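Visitor: Based on what follows, work out the 3D shape:
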Amino acid sequence: MLHTVLAKNLAGWEVMEIFANSVNEADRVFMALRHQVLQLAVVFMCSISQLSPGAYFLRRDLFPCIAKVITSPDTQRFTFEASLLLSILANFHKSDAARLNPYLQRIRDTQDTELMRKICWAAGFALDAAVKAYQEISDDSIPTFAKSVGALFTSLLPDRALAMQPLDVPRDFLKDSATVSLLPVFEFLFFNPLFAQVLVDMIHKPSDNKQSAPVPPLAYNILSLSSYVLTHASSSASPRTLAYANLALNTLLVMSENAAIMSRLPLLPVPSSTRAPVCALLDCCVLWLRHNLHKRLEVYTFTTCIWTCHRVIWYLQKERIRLEYDWLELWKAVVDLLGFLSGKLDSLVTTGGIERLIQETIRLLDLALRKADLILPTPTAVHEFIYEVVRSSAVIRKQTLLLESLGQPTSVDRGASLRSDSASNTLSRILSTAAYYEGKLTSAGTRSAKDAFRTVSKDIEQNGLHSAHNADDTDPPKHAEDVVSFIRVACTDGLALMS
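Guide: Below is the predicted model:
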């Protein structure tokens, strides 16, 4: 039909009348057509996934066209779909044919900061919508007396008072959101060093839209959304939510390994606007450690979480920053992880990697012990940390037998994780510190936890912190890895969003 109509040698305005019903409507109609073509490309790639027909999109480099859609004032409102298409194309057979993928190379090499800003802008709106959607389900605002009383009376209603389980079954807050926009952010953040600078530059940049409510910077929304995802990821135990948790933690790990981002993360509005920005990142790690200790253990994601904590502490001691933070919650979460591993090892369902997780957790505790006086804000915080180590010495000692039963590191371990300072020597240093203070408690004849804490505090004040310092303090290796396995979830969510 199209060929027949155009063969009639019509004037331009007549063609527009036929296709747009009006010359004045031509711009709107043809813009909508461009949008539909873009959506069709997303649907095609998401439907094909990793099958061979997707290779047709690799034969011709469409990166300039996609970048033009994102940066052009006329089509920038399609940035979400365009950036999603770009990330899906970049993930096509990434694990086995990455060198043949032109989109990966383009993401690595591009210096187009305007393109990166538009991607940050679109992802910021999408993640902000996801955060607000979750807040409607789980209100995490500061409790008030009215809210507390209301919740009490609600719980006493006849249909709730004797209920064996909550009647309000939590919904999957990711289900109807565009959280998949975190994928293009991760791709650029992981592959392109310039993107991190663009991300931090936008933290304090005011919104261009003065009439609408301001959207928090993308870095803020990554942290906010991650806190929700990491708290509830394994409660549903669905592959999709766990995949998002893995993507979120890997994004946080990339951020923690970037000095520019670490120095300028946005502040959280609650509970206090004076909190240091890195506290938000540590909050996400603590939430994951607290809420995801299950029989079917996500070992790799836990290891990623420990790496992130290690990198944060390394950054703090390097910059000599004494961080005001609720450190005791982190120490308890780390020790609880070790206790869980030693107590539940035989019943855990994993794909391996337990030994690596224990080693990295031990290294985290060792680094914190050796650098405690450089990163903890007050003498009391140091005392609390040492007392927690002493109190948990039995759990820490069990790691010796656990590592022996799991076997020594082999050549198949990733080289980046092997240091001259072995896990056994690291564990010995921690136990040496614990044994020293245990001896002080025995000598003092303490009878209560309060007396024990007082004894530990007094000894540290008089003699300083007792810990071994003969360790390799070279810069730790970077552990961030590409999240190749997320592409299946991305394609599923991309199709859902286009429907």
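
Visitor: Can you give me the pLDDT of Pro158?
Guide: The model reports Pro158 with a pLDDT of 39.

Visitor: swap that for Tyr436, please
Guide: At Tyr436, the pLDDT value in this model is 94.

Visitor: same question, Ser457
Guide: 94.

Visitor: Just the element for it, please.
Guide: helix 449-463 (DSSP states H and E).

Visitor: Buried residues, that helix. List them.
Guide: For helix 449-463, burial by neighbour count (16 or more other C-beta atoms under 10 Å) applies to Ala452, Phe453, Thr455, Val456, Ser457, Asp459, Ile460. (C-beta placed from N, C-alpha, C; glycine too.)

Visitor: helix or strand for the nearest residue to the last one once chain neighbours are set aside, which one?
Guide: Residue nearest to Ile460 in three dimensions, not counting chain neighbours: His383, with 6.0 Å by C-beta to C-beta, 6 or more residues apart in numbering. With elements delineated by DSSP H and E, His383 resides in helix 379-391, which encompasses its position.

Visitor: Show me the helices in the stretch 51-200 of the chain, by range?
Guide: With DSSP state H, counting those that start in this stretch, the ranges of helices along the stretch 51-200 of the chain come out as 56-59, 63-71, 79-90, 94-97, 102-109, 113-137, 145-155, 158-161, 182-191, 193-201.

Visitor: picking up where we left off before, could the buried residues of helix 449-463 go into TSV alongside distance to Leu345?
Guide: Formatted as TSV, the buried residues of helix 449-463 follow (distance: C-beta to C-beta, whole Å):
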residue	distance to Leu345
Ala452	29
Phe453	31
Thr455	33
Val456	30
Ser457	34
Asp459	34
Ile460	34
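
Visitor: Which one of these is nearest to Gln135?
Guide: Phe453 (38.2 Å; C-beta to C-beta).

Visitor: And that closest one, how far from Tyr437?
Guide: 11 Å (C-beta to C-beta, to the nearest Å).

Visitor: Then Val395?
Guide: 15 Å.

Visitor: quick one, which of these two is more surrounded?
Guide: Tyr437 (21 against 18; other C-beta atoms under 10 Å).

Visitor: residues in contact with that one?
Guide: Contact partners of Tyr437, counting by C-beta atoms under 8 Å, 6 or more residues apart in numbering, are Ile386, Val389, Val390, Val456, Asp459, His466.

Visitor: how many other residues sit next to the last one?
Guide: Neighbour count for His466, taken as other C-beta under 10 Å: 16.

Visitor: hang on, it packs against Thr433?
Guide: Yes. At 5.9 Å, His466 counts as touching Thr433 under the criterion of C-beta atoms under 8 Å.

Visitor: Which residue is the nearest non-sequential neighbour of Thr245?
Guide: I think there's a mix-up here, since residue 245 is Ala and not Thr. In space, and not counting its chain neighbours, Ala245 is closest to Ala233: 3.5 Å by C-beta to C-beta, 6+ apart.

Visitor: wait, is the one you found part of a helix?
Guide: Yes. Ala233 forms part of a helix when assessed by DSSP: H, G, I helix; E, B strand; the rest coil.

Visitor: doesn't Tyr244 make contact with it?
Guide: Yes. Judged on C-beta under 8 Å, Ala233 makes contact with Tyr244 at a distance of 6.9 Å.

Visitor: Tell me how many other residues surround Phe252.
Guide: Heads up, residue 252 is Leu, not Phe. Other residues close to Leu252 by other C-beta under 10 Å number 28.

Visitor: ignore the last one, Asp112
Guide: Asp112 has 15 neighbours, counted by other C-beta under 10 Å.

Visitor: Same question for Leu218.
Guide: Residues near Leu218, counting by other C-beta under 10 Å: 28.

Visitor: Likewise for Cys491?
Guide: 22.

Visitor: Could you pull up the residues touching it?
Guide: Per C-beta under 8 Å, 6+ apart, neighbours of Cys491: Met45, Cys46, Ser47, Ser49, Ile88.

Visitor: I'd like to know how far the first one sits from Leu85.
Guide: Spatial separation of Met45 from Leu85 under the definition C-beta to C-beta is 7 Å.

Visitor: Of those two, give the one with the bigger neighbour count.
Guide: Legend: neighbour count by other C-beta under 10 Å for Met45 and Leu85, higher for Leu85 (26 against 22).

Visitor: ok, the more buried one - contacts?
Guide: Leu38, Ala41, Val42, Met45, Ile66.

Visitor: Sort out which one of the residues you listed lies nearest Lys295 for me.
Guide: Minimum distance to Lys295 across those is 36.6 Å, recorded for Met45 (C-beta to C-beta).

Visitor: tell me the secondary structure for the closest one?
Guide: Secondary structure, three-state DSSP: Met45 is helix.

Visitor: coming back round to it: looking just at contacts, which helices and strands does the helix holding Ser457 meet?
Guide: Here helix 449-463 touches helix 379-391, helix 423-444, going by 3 or more C-beta pairs under 8 Å, 6 or more residues apart in numbering; DSSP states H and E.

Visitor: Return the member of those having the minimum mean pLDDT.
Guide: helix 423-444 (a mean of 91).

Visitor: so where's the stretch 51-200 of the chain uncertain?
Guide: By pLDDT under 70, the low-scoring segments of the stretch 51-200 of the chain are 98, 138-177.

Visitor: one more time with 80, if that's ok
Guide: Within the stretch 51-200 of the chain, the stretches with pLDDT under 80 are 95-99, 134-178.

Visitor: Quick check: what element follows the helix holding Ser457 along the chain?
Guide: Taking DSSP H and E, what comes next after helix 449-463 is helix 487-498.
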